[in-house]
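Participant: With the input below, show me the fold.
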Amino acid sequence: MISNKYKGAVIVNAYWRGGDEGAAKISDALGRVGLSAPLLSIDRLDLRVAERGIFLGEPLDFAVYLDKDYALAKMLEKAGVRLFNSAESIRLSDDKMLTHIRLAEAGLRQPETIPSPLCFAGEDAPDFLRRVEETLGHPVVVKKCHGAFGREVRLCRTSEELRALRAEWIKEPHLYQKYVECGASDIRVITIGGKAVAAMKRVATREGEFRANAELGGRGEKISLTPELISLAERASAALGLEYAGVDLLQGDEGYLITEVNSNAHFRLIEEVSGQPIARLYAEYILSQWEKEENDGRR
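Facilitator: Predicted structure coming up:
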């Protein structure tokens, strides 16, 4: 077993207040397999660009990176820290449009999606929304490219709603997506080390709510990891280079469509529903990777 001579951390956002306690569970699970990795808020790091490179005041060997700040993740890697997940995989999965582009490159099915052109001064092209409506129909799902827990996702049922939301979000990166009727539910699959380990169906419980996120009141239901779900989730994780991922899918009339891939998906609900010990499985994977890289002379 790896000795405690290696210093690790579970890095969380500066504004983290405990969330679903997943970060603490990962830290505890890593300790149980022999890797010391206490919780560390990103703002506590003495990390900066120095005159001749990246400076990290207190060195780290590895970190489970549960923030979404790509720049800080990249700086940590340049300072020699082995990140789970990598900075590049976080960049691709945190930006929903970049996620869709990479999934398209991998030949994975997803809802038809149109990116909004950047409008720095709030200007707009009058024909753009008409093309969106002609292509996607109504209702239209609108998402900010950066967001979490479904909070930056809206459903516009009319042209008036669509135009009002565009006026509100005009200066922010966002996208328009074809609505898929699936009974206000979706499927979440967790992958670790590129392998699917757990799945659940999420169902919205609030009246009129189409988003099934647990943070918005969605409940979880146990489902089987079918060969198709396994294949899709593992291909999506591989396309984005994620060692830990939450892959979200909708079941449309012609099969599954991938809607999002999350680099730091919360796992409390899926642990409860599926019975799979996600934190322990992740810790065991990190240990196996660390040992492999050490034996290969990469550490």
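
Participant: Spell out the residue ranges of the helices in the stretch 1-150 of the chain.
Facilitator: 22-32, 70-78, 87-94, 96-105, 128-136 (DSSP state H, counting those that start in this stretch).

Participant: which stretch among the ones you listed comes nearest K143?
Facilitator: helix 96-105 (5.7 Å; Cβ to Cβ). (Glycine included, C-beta is placed from N, CA and C.)

Participant: Tell me which residues are up against that closest one.
Facilitator: Residues from elsewhere that reach helix 96-105 (Cβ atoms under 8 Å, 6 or more residues apart in numbering): 91-93, 110, 113, 115, 143-147, 173, 175, 236, 239-240, 258, 260-261.

Participant: quick one on the thing from earlier: dump the helices of the stretch 1-150 of the chain to a markdown table, plus mean pLDDT.
Facilitator: Conversion of the helices of the stretch 1-150 of the chain to a markdown table gives the following (pLDDT from 0 to 100):
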| stretch | mean pLDDT |
| --- | --- |
| helix 22-32 | 95 |
| helix 70-78 | 96 |
| helix 87-94 | 97 |
| helix 96-105 | 97 |
| helix 128-136 | 94 |
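
Participant: Out of those, which gets nearest to N295?
Facilitator: Minimum separation from N295 across these (Cβ to Cβ) falls at helix 22-32, 19.2 Å.

Participant: From the contact counts, what lies against that closest one?
Facilitator: For helix 22-32, the helices and strands in contact under the criterion 3 or more Cβ pairs under 8 Å, 6 or more residues apart in numbering; DSSP states H and E are strand 8-12, strand 39-41, strand 62-65, helix 278-295.

Participant: possible to save the ones you listed as CSV with distance to I190 and mean neighbour count?
Facilitator: Putting the helices and strands packed on helix 22-32 into CSV (distance: least, Cβ to Cβ, whole Å; neighbours: other Cβ atoms under 10 Å) gives the following:
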stretch, distance to I190, mean neighbour count
strand 8-12, 17, 24
strand 39-41, 21, 17
strand 62-65, 15, 25
helix 278-295, 6, 18
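
Participant: Same list (those) but as TSV, adding mean pLDDT and distance to A50.
Facilitator: Converted to TSV, these look like this (pLDDT from 0 to 100; distance: least, Cβ to Cβ, whole Å):
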stretch	mean pLDDT	distance to A50
strand 8-12	95	20
strand 39-41	93	21
strand 62-65	97	20
helix 278-295	93	27
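
Participant: Include distance to L250 when you put those into JSON lines, please.
Facilitator: Supplementary listing: the helices and strands packed on helix 22-32 in JSON lines, determined by distance: least, Cβ to Cβ, whole Å:
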{"stretch": "strand 8-12", "distance to L250": "30"}
{"stretch": "strand 39-41", "distance to L250": "34"}
{"stretch": "strand 62-65", "distance to L250": "28"}
{"stretch": "helix 278-295", "distance to L250": "22"}
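
Participant: so which of these gets nearest K74?
Facilitator: When the helices and strands packed on helix 22-32 are ranked by distance to K74, counting by Cβ to Cβ, first place goes to strand 62-65 at 10.6 Å.

Participant: can you give me how far the helix or strand hosting L162 is from the chain middle?
Facilitator: In this structure, L162 is located in helix 159-169 according to DSSP states H and E. From the chain centre to the centre of helix 159-169 is a distance of 26 Å (Cα atoms, centre = their mean, to the nearest Å).

Participant: Over to stretch 281-296?
Facilitator: 22 Å.

Participant: Point out where the chain drops to low pLDDT.
Facilitator: Confidence mapping of the chain against pLDDT under 70 gives the ranges 1-4, 16-20, 122, 149-150, 206-218, 297-299.

Participant: Outline the domain layout of it.
Facilitator: What automatic domain parsing lists as the domains of the chain is 8-85, 91-110+182-279, 113-178.
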